[in-house]
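Asks: next comes the sequence, and after it the predicted model I'd like to discuss.
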Amino acid sequence: MKIIVDTLGGDNSPEANIHGAIIELIKHKDIHVVLVGDEKDIERVLDDTYKGIKTSAKKHNKKLSLVDNLKSRIEIVHAPEVITGNDKPTDAIRLKKNSSMMRSIKMLREDENISAMVSNGATGALVAAATLRIPRIEGVRRPAFCPILPTMKGGVIGICDSGANVDVNADMLQQFAIMGSRFLETAFMMDKPRVGLLNIGVEEEKGDDLRREAYKLLKETPDINFVGNMEARELLSGDYDLVVCDGFSGNVLVKSVEGTALELLKKIKNDINKKKKYQLGALFMKKMFMEEKAFMNYQRYGGSVMLGSEKVIVKGHGSSDKVAVAKCIEQAYKMVESGLNEKIAETIKAAEV
């Protein structure tokens, strides 16, 4: 399986992107990676990584064949330009054709041997480029992002859409529910994921015309387990597995939850430092605090998968570290391996939506 990694996307590029790819190459022997970006920087990071592996191997009397194996499964494509968040998406697509993102999209479209792409780059440009250049699964109206967050009951919840489509109609929300359900079934082995429609109340008649029309469609869709409306405060409750919404609302929802979690951790830390007795108590609760910090860390849950495109695309968070990048590549791997796109196509065709 050949996967493209955009090495210039994100705040910690190219190191985090390359190191994340190395982690997955070691884990999965059937993965080949195409590293796209500044060739000199990529080679520099790889050389340092290989030296570290060799030093560790000698220290622990292990074989040095790992480096040769990695080299045989890594391809480098030179594309030194960077698309930033300040670039207008349409201008970036038109003017920055030698950027790492646009070269990645071009190869993804044209090379049948390439199965997926991972990027931490500018969301607007990635959405625009993927929508314009990568064909959609037959029957799909618009691709949608579906990030994953943890729940209070130890599971996860998908949010579809979270930024790809600001303006939607009820039919699109119905397809988001179908695509998100198939994703959770295949990637997380969920049995009949519980689907909720983001709304201002749980009653069926709540919301605007769009939400009321979508409610009726979702209730009549046989291929999903629709459980009704969901209020934003219930996102992490564990009572839902997938929340369906327009991209604007979904993006606000995800960032609000992430921001709240981060600020709450900061407040707890600041409050502990205010008094000696709090600091003493924190020593006994250190393990618990570490567990809670890990639980709230979005880096552990990968990126936003783009559902509905013929080729697999995973958008990582801009501040992703190597572990988060590895999680994104792992997501892409699972989506391809499980035949997710084929399952989405079959369901969309059978449902005639």
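Replies: Now that the structure is in, tell me what you want to look at.
Asks: show the low-confidence segments of the stretch 51-200 of the chain, by residue range.
Replies: 57, 59-64 (pLDDT under 70).
Asks: would you map the strands across it?
Replies: Along the stretch 51-200 of the chain, the stretches classed as strands by DSSP state E, counting those that start in this stretch are 74-78, 114-119, 144-146, 148-150, 156-160, 194-198.
Asks: residues in contact with the fifth one?
Replies: With CB atoms under 8 Å, 6 or more residues apart in numbering as the contact definition, strand 156-160 has outside contacts at 144-151, 176-177, 179-180, 183-184, 188, 193, 235-236, 238, 240-245, 250, 253-254, 301, 307. (Glycine included, C-beta is placed from N, CA and C.)
Asks: can we see that at 6 Å?
Replies: 144, 146-151, 176, 180, 184, 240-244, 250, 254 (CB atoms under 6 Å, 6 or more residues apart in numbering).
Asks: what angle do it and strand 194-198 make?
Replies: Inter-element angle recorded for strand 156-160 and strand 194-198: 50 degrees (by axes from the mean of the first three to the mean of the last three CA atoms, to 10 degrees).
Asks: now strand 156-160: buried residues?
Replies: Going by neighbour count (16 or more other CB atoms under 10 Å), the buried part of strand 156-160 is 156-160.
Asks: helices - which of the contacts of strand 156-160 land there?
Replies: When DSSP state H is applied, these are split such that 176, 180, 184, 250, 254 fall in helices.
Asks: format the residues you listed as CSV; extra columns: neighbour count and distance to residue 207.
Replies: Below are these laid out as CSV (neighbours: other CB atoms under 10 Å; distance: CB to CB, whole Å):
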residue, neighbour count, distance to residue 207
176, 37, 16
180, 27, 19
184, 25, 24
250, 28, 15
254, 22, 20
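Asks: and these, which is closest to residue 36?
Replies: residue 254 (26.8 Å; CB to CB).
Asks: pLDDT score for the closest one?
Replies: The pLDDT attached to residue 254 in the predicted structure is 91.
Asks: what's the ChimeraX line that selects buried ones from the contacts of strand 156-160?
Replies: In ChimeraX, a selection of the buried entries from the contacts of strand 156-160 looks like this (16+ other CB under 10 Å):
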select :144,146,147,148,149,150,151,176,180,184,240,241,242,243,244,250,254
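Asks: re the thing from before, now the strands of the stretch 51-200 of the chain as CSV including distance to residue 207?
Replies: Shown next, in CSV, are these (distance: least, CB to CB, whole Å):
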stretch, distance to residue 207
strand 74-78, 47
strand 114-119, 34
strand 144-146, 19
strand 148-150, 22
strand 156-160, 17
strand 194-198, 8
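Asks: can you check which of those gets nearest to residue 351?
Replies: strand 194-198 (13.8 Å).
Asks: pairing partners for that closest one, with directions?
Replies: strand 225-230 (parallel), strand 242-244 (parallel) (DSSP bridges).
Asks: who touches it?
Replies: 177, 214-215, 224-227, 229-230, 240-245, 249.
Asks: out of those, what pair is the most spread apart?
Replies: Among the contacts of strand 194-198, 225 and 249 lie farthest apart (CB to CB), at 21.4 Å.
Asks: the more surrounded of those two?
Replies: residue 249 (19 against 15; other CB atoms under 10 Å).
Asks: so who does that one touch?
Replies: Contacts of residue 249 (CB under 6 Å, 6+ apart): residue 198.
Asks: likewise residue 105?
Replies: Taking CB under 6 Å, 6+ apart as the definition, contacts of residue 105 comprise 129, 133.
Asks: so what's residue 99 closest to, chain neighbours aside?
Replies: The shortest distance from residue 99 to any non-neighbouring residue, by CB to CB, 6 or more residues apart in numbering, is to residue 81 (3.8 Å).
Asks: quick one: that neighbour from residue 102, how far?
Replies: 8 Å (CB to CB, to the nearest Å).
Asks: which residues touch stretch 317-324?
Replies: By CB under 6 Å, 6+ apart, stretch 317-324 touches 10-12, 16, 19-20, 120, 299.
Asks: endpoints of that stretch, how far apart?
Replies: Terminal residues of stretch 317-324 are spaced 8 Å apart (CA to CA, to the nearest Å).
Asks: now it, how far from the centre of its chain.
Replies: Offset of stretch 317-324 from its chain centre (CA atoms, centre = their mean, to the nearest Å): 10 Å.
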